[in-house]
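Novice: What shape does this take:
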Amino acid sequence: MEVKNLFDPEVKQDIISRINKLNPRSKALWGKMNVAQMLAHSQGPIAVAFGTMQIKGNLLLKLLGPLIKASLYNEKPYKEGLPTHKSYVVADEKNFSDEQQKLIEMVERFSEQAIISTPHPIFGRMTNEHWGKSLWKHLDHHLRQFGA
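Specialist: Numbers count the residues shown, from 1 in each chain. All right, here's what the predicted structure looks like:
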């Protein structure tokens, strides 16, 4: 799998196009979330990159984080059904159109100037390349989950 970088304008536009292909009836190929919940969930890691959402890592995650960090942006796809950090779990119902628009706006705003420079609370220091590739990989994973 080729890992792309969300800072690339063409890659960003491709992600937005894929988000726009979804509709309220899009069904998951795996997992428990419906499409609106997935759109809301996908905003979380971007919000962490922007510094507008804080997550906490327990001691185990902080110890393991640096060891598994490369899996965030390497060429190996995420496995279906990976566990989700509790900060990113979306259990309540969401409005599809609202969540779709919010995610698109976040992707459009994503830039090297918009991300924080402080260390990630679990994975430590993240370079711009780490952020760009890991967020693309996360979005790609969930868009494939819903066939987009």
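
Novice: contacts and neighbour counts: CA atoms only from here.
Specialist: OK.

Novice: Report the secondary structure state of A28.
Specialist: Following DSSP: H, G, I helix; E, B strand; the rest coil, A28 is assigned to coil.

Novice: got the phi/psi numbers for it?
Specialist: phi -80, psi 140 (degrees, to the nearest 10).

Novice: Lowest-scoring secondary structure element of this structure by mean pLDDT?
Specialist: helix 59-68 (a mean of 70; mean pLDDT, DSSP states H and E).

Novice: which helices and strands does the following helix or strand past that helix pack with?
Specialist: Helices and strands here follow DSSP states H and E; after helix 59-68, the next one along the chain is helix 96-109. Packed against helix 96-109, as judged by 3 or more CA pairs under 8 Å, 6 or more residues apart in numbering; DSSP states H and E, are the following elements: helix 9-21, helix 35-50.

Novice: any chance of those helices in CSV, with mean pLDDT too?
Specialist: Shown next, in CSV, are those (pLDDT from 0 to 100):
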stretch, mean pLDDT
helix 9-21, 98
helix 35-50, 97
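
Novice: Ok, which of the ones you listed comes nearest V107?
Specialist: V107 lies closest to helix 9-21 among these, at 6.8 Å (CA to CA).
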